[in-house]
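Engineer: Turn this into a model:
(chains A and B)
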2 protein chains.
Amino acid sequence: MPVEHTDKRYEGDLKKLREDILYMGGLVEDQIQKAVNSLVDRDSPLAEMVIQRDHEVNRLDVEIDELCIHLLALHQPAGKDLRFITTGLKITTDLERIGDMAVNVCERALELNQEPRLKPYIDVPRMAKISERMIRESLDAFVREDTDLALKVCKDDDEVDQLNSQIFRETISFMIEDPHTVSRAMKISSVSKYLERIADHATNIAEMVIFMVKGKSIRHIKEIPQSI
Amino acid sequence: MPVEHTDKRYEGDLKKLREDILYMGGLVEDQIQKAVNSLVDRDSPLAEMVIQRDHEVNRLDVEIDELCIHLLALHQPAGKDLRFITTGLKITTDLERIGDMAVNVCERALELNQEPRLKPYIDVPRMAKISERMIRESLDAFVREDTDLALKVCKDDDEVDQLNSQIFRETISFMIEDPHTVSRAMKISSVSKYLERIADHATNIAEMVIFMVKGKSIRHIKEIPQSI
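Structural biologist: Coordinates of the predicted model:
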């Protein structure tokens, strides 16, 4: 086989990897949005739909893994491309687990939708919006190898953590004031934690992008640098 | 360089990868055990020690990743070895996050140790024991490519889930009976969830081992098969 042909196939496979990861990212973003809508709008059939659609997220996880292994086996990439593919392998795991978190939100929504509404949801959809943006931007940072955007994602995680703490304090107040609210408040607190974990996964992706591009780990640094 | 020499180096690198992953597994097991001890024995200096030692877990994560990338770049493995190495890349991420969960347990322990004890801890150390064993067995399954052992790990996860539900119900009862317990009960419930997530990570590793050996995904199958 002439080298040029192989090169074209290689470039095509790499392009497909980028596109597939972005597509999977778009799907899990939509899963989160619909999961939170199923809670806010008390729309249990929507929650069931999201739970059903998780198998598509899992299918993409397996498919993209296979594409990465195929790229490694067939083209034996080195340097930058090798790091890009190995990072891709890890990113799919994070995206798959974000999908699991969306399912968990739906499971709590199905329970909460059967009980009287405790309070209007304001901070939960706000957390979801930020988390979705963080996923989108972490994947954009990955395909563009943009460390500034990746750093922004790491910083945005603080906002989600603050909202989570706020919801935690609020649910505690509800429970102390009226024991009848305990079960519902615990479930809302769980939803908030699932969203916080989604933002953590996006942050993990962003950290891996920085490591891929710069070879520097910023994990567990207390102060996130302005630029690296 | 003669081929034989390269082969020896390759075998040596592969052996090191196996050993490093087992070592990292042993370290995170010890982190969990000490984290739970710091809670049960109200030993805050031990909790501080575990938090400090997390940087070693993170260092190993980076080192093992580098070893995997080195193995891929230098030796361009195929077939079984390629799948072994790409699985190794993913496993370190799970181990690193298990380390983070041990730190989270310590953070709650530091808070709980400053308040009167709510109840003796019985189910929490039991969950920790099972989770530690699950990590050990999932990594043994990985290095021995033992799918039966990996299946056992997946099944053991149910026991941890049941203990988590039991603790969840118990903490709810505490909160309903006496609002003064709300803050402590919520923290104990968080510890239980961290341990449940640790067991989930071990299950993820076991599932990846099955996929590595059999090329079959058992993720999200409701009934775990007796054998595959």
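Engineer: Please count neighbours and contacts with C-alpha atoms only from this point.
Structural biologist: Noted.
Engineer: In contact with the residue nearest to residue A:153 when sequence neighbours are not counted: list those residues for me.
Structural biologist: Excluding the flanking residues, the one nearest residue A:153 by C-alpha to C-alpha, 6 or more residues apart in numbering or on different chains is residue A:134, at 5.5 Å. Residues in contact with residue A:134, defined by C-alpha atoms under 8 Å, 6 or more residues apart in numbering or on different chains, are A:153, A:156, A:199, A:202, A:203.
Engineer: and those, which of them are in helices?
Structural biologist: When the contacts of residue A:134 are checked against helices (DSSP state H), the matches are A:153, A:156, A:199, A:202, A:203.
Engineer: Rebuild the residues you listed as JSON lines, extending it with pLDDT and neighbour count.
Structural biologist: Below are the ones in helices among the contacts of residue A:134 laid out as JSON lines (pLDDT from 0 to 100; neighbours: other C-alpha atoms under 10 Å in any protein chain shown):
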{"residue": "A:153", "pLDDT": "98", "neighbour count": "28"}
{"residue": "A:156", "pLDDT": "98", "neighbour count": "16"}
{"residue": "A:199", "pLDDT": "98", "neighbour count": "29"}
{"residue": "A:202", "pLDDT": "98", "neighbour count": "29"}
{"residue": "A:203", "pLDDT": "97", "neighbour count": "26"}
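Engineer: Show me which pair in those is furthest apart.
Structural biologist: Across these, the longest distance by C-alpha to C-alpha is 10.0 Å; it joins A:156 and A:202.
Engineer: just the helices in chain A please.
Structural biologist: So, for chain A - with DSSP H - the helices run A:3-40, A:44-75, A:79-112, A:123-144, A:147-177, A:182-214.
Engineer: Format those as TSV; extra columns: distance to residue B:138.
Structural biologist: Output for the helices of chain A, formatted as TSV (distance: least, C-alpha to C-alpha, whole Å):
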stretch	distance to residue B:138
helix A:3-40	28
helix A:44-75	20
helix A:79-112	17
helix A:123-144	29
helix A:147-177	31
helix A:182-214	23
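Engineer: Just the pLDDT at residue A:220, thanks.
Structural biologist: On pLDDT, residue A:220 comes in at 55.
Engineer: swap in the one 3 residues further on?
Structural biologist: In this model, residue A:223 is scored at 62, pLDDT.
Engineer: likewise residue A:77?
Structural biologist: Per-residue pLDDT puts residue A:77 at 92.
Engineer: Next up, the contacts around it.
Structural biologist: By C-alpha under 8 Å, 6+ apart, the neighbours of residue A:77 are A:71, B:73.
Engineer: Would you mind listing what in chain A touches chain B?
Structural biologist: A:58, A:62, A:69, A:72-73, A:76-79, A:82-83, A:86, A:89-90, A:93, A:172, A:175-177, A:179-180, A:182-183, A:217, A:219 (C-alpha under 8 Å from any C-alpha of the partner chain).
Engineer: Chain B: which of the ones in helices among the contacts of residue A:134 is nearest?
Structural biologist: Checking these against chain B with C-alpha to the nearest C-alpha, the nearest one is residue A:203 at 12.8 Å.
Engineer: burial of the closest residue to the closest one other than its chain neighbours, as a residue count?
Structural biologist: Of all residues beyond its chain neighbours, the one nearest residue A:203 is residue A:154 (5.2 Å), with distances taken as C-alpha to C-alpha, 6+ apart. Residues lying near residue A:154 (other C-alpha atoms under 10 Å in any protein chain shown) number 23.
Engineer: Many thanks, I have nothing further to ask.
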